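pasting a predicted model and its sequence here:
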Amino acid sequence: MIICSRCVLPQTFPGISFDQNGVCNYCSHTQMPGEDEKQDYLKRFESLLAEKKSNRDFDVILAYSGGKDSTYTLYLLRKHYDLKVLSLVFDNGFISDQAKYNINQMTDTLGATNIIVKPPFDLMQKAFHIAAQKEFYSPKTLDRASSICTTCIGMVKGIILKTALALEIPLVAFGWSPGQAPLSSAIMQTNPRLQRITHRTIRDPLLSLVGKELQPYFLHDVDLSIEKSRWPINIHPLAFFEYDEGLILDTIKKLGWVKPDDTDPNSTNCLLNALANYLHRKRFDFHPYAWEIAGIVRSGCMHREEGIEKVSQDEDMQMVGYAAKLLNIAID
Ligand SMILES: [Zn+2]
C-alpha cells in the first residue's frame with residue numbers, strides 16, 4: 001500500500017495522486033495556516049466574545065461528547081473566557097460508561113449547565129442500521145467520515161442549531177480538531193442558505209429513509225425564514241489554539257477526566273465507532289479518520305508515524321460485534 005510521504009492518505013483514497021517525491025495532491029494543494037493567521041483568528045474570536053457576551057442566560061452552546069477535544073473546548077470556554085456555557089450531549093445510545101462519567105464530572109467541575117438529548121434507542125438503531133446498509137450520502141461526505149458518524153453528527157448539528165435559535169444563544173461551539181475542520185471555517189456565521197444545503201444532503205434523505213420521527217432533531221423548512229440577526233455564529237476554537245494531544249490530555253486529566261479504556265483508539269466516547277470504521281474500511285478500503293488525521297499530521301500537531309498507526313490499526317472485533325448485534329448487521 002502506497003501512503004503519502006507527508007500525511008497518512010493511502011493510494012486507495014478517492015482522487016489521490018502522488019508526485020515524484022511521493023507527496024499526495026492533497027498535501028501539495030493545501031496551504032497550512034501560519035502562526036500569524038492563527039493569531040488573527042484568535043483576535044477575531046476574542047473581539048467576537050466581547051461583542052456577544054451579555055446578560056443572556058447563555059453566551060454559548062457547546063456540542064459536548066465527553067471526548068477529549070470537546071472537553072478541552074469546554075475548558076477553554078469556561079476557564080479562559082469565563083463564558084456562560086450550555087453544553088448539549090446527544091446520547092446516540094452508544095456513549096460509553098466512562099464517557100458518561102466524564103460528562104458529569106467535567107460539566108460539574110467546569111461549571112456548565114448540561115442538557116442531554118436522547119432519542120429513543122430503537123429510533124437510533126433504525127437510523128444507524130439504514131446508514132450502514134444503504135448508500136445515500138454523497139461520496140465527498142464519505143471521504144471525510146463514515147456513514148454512521150455522518151448520521152450522528154448531522155443530528156447533533158441539527159438539534160444544537162435548533163436549540164441555539166430557540167434559546168437565542170449567539171454562539172455555537174464545536175470541539176473539531178484542526179484536521180476535522182479547516183481554520184477558514186473556525187468562525188462562521190450560520191445562515192439559511194447553507195442550512196438548505198444541509199437539509200438536502202443530510203436531513204431529507206434521513207427523513208425519507210428512516211422516518212418523520214427524526215424531524216424533531218432538525219430544523220423545519222419554515223425555520224429558514226427566521227430573521228437573519230438571530231442566527232448564531234459557529235466557532236471551533238481548537239483550529240487556532242495550540243493543538244497538542246499531550247497537552248490536551250494533561251490539562252483535562254488534572255481536572256478529573258479519565259481516559260476511557262472501553263472504546264477504540266480513535267474515539268474516546270463512542271461504542272459504535274469501531275463498527276462504523278470497520279464497515280467503512282470494508283466498503284472503501286481506507287480508514288474514515290484518514291482525512292482528519294492527515295490534516296492533523298499536515299498541521300504538525302501529530303507525527304506521521306503516529307497517524308499511520310491510528311489509521312492502520314485493526315478494529316477490536318469484540319467491539320465491532322457488540323455494535324453489529326445491536327444494529328442487526330451481519331459481519332463476516
Ligand atoms: Zn499527503
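Nice, thanks for sending it over.

need phi/psi at the residue in the stretch 151-300 of the chain that the ion sits nearest to.
Ranking the residues of the stretch 151-300 of the chain by distance to the ion (CB to the ion) places A294 first, at 5.9 Å. No exception for glycine: its C-beta is placed from N, CA and C like everyone else's. In terms of degrees, to the nearest 10, the main-chain angles of A294 are phi -60, psi -40.

where does the prediction get shaky in the stretch 201-332 of the chain?
Along the stretch 201-332 of the chain, the parts satisfying pLDDT under 70 run over 262-268.

how about 90 then?
Residue ranges of the stretch 201-332 of the chain with pLDDT under 90: 242-245, 259-270, 296, 299-302, 331-332.

hmm, back to that, leaving aside the residues next to it on the chain, what's closest to the residue of the stretch 151-300 of the chain closest to the ion?
C7 (3.8 Å; CB to CB, 6 or more residues apart in numbering).

same thing with L272?
L272 sits nearest to F94 (CB to CB, 6+ apart), 4.0 Å away.

roughly how far does the one you found sit from M302?
Counting by CB to CB, to the nearest Å, the gap from F94 to M302 is 26 Å.

of the two, who's got more company?
The neighbour comparison of F94 against M302 (other CB atoms under 10 Å) goes to F94, with 25 against 22.

and the residue of the stretch 151-300 of the chain closest to the ion, how many neighbours does it have?
27.

also the one 5 residues further on?
Using other CB under 10 Å, S299 has 19 other residues around it.

any idea how far F58 is from it?
In terms of CB to CB, S299 sits 31 Å off from F58.

likewise for E51?
16 Å.

the two: who's more crowded?
Using other CB under 10 Å as the criterion, E51 and F58 rank with F58 on top: 20 against 10.

and the more buried one, what does it touch?
For F58, the contacting residues are K84, V85, L86, T113, L167, I169, by CB atoms under 8 Å, 6 or more residues apart in numbering.

can you do 6 Å?
F58 makes contact with K84, L86, I169, according to CB atoms under 6 Å, 6 or more residues apart in numbering.

what's the answer for N277, then?
P288, E315.

now do the helices in the stretch 51-200 of the chain.
Applying DSSP state H, counting those that start in this stretch to the stretch 51-200 of the chain gives helices spanning 68-75, 97-110, 121-133, 139-144, 147-167, 192-198.

so how far is the first one off the chain centroid?
Pointing back at helix 68-75 there. 12 Å (CA atoms, centre = their mean, to the nearest Å).

ok, now the fourth one?
Relative to its chain's centre, helix 139-144 lies at 14 Å (CA atoms, centre = their mean).

now do the fifth one
The offset between the C-alpha centroid of helix 147-167 and the centroid of the whole chain comes to 11 Å, using CA atoms, centre = their mean.

can you list contacts of it?
Against helix 147-167 from outside (CB under 6 Å, 6+ apart): 61, 63, 88, 90, 92, 117, 127-128, 131-132, 137, 141, 172, 202, 217-219, 232, 276.
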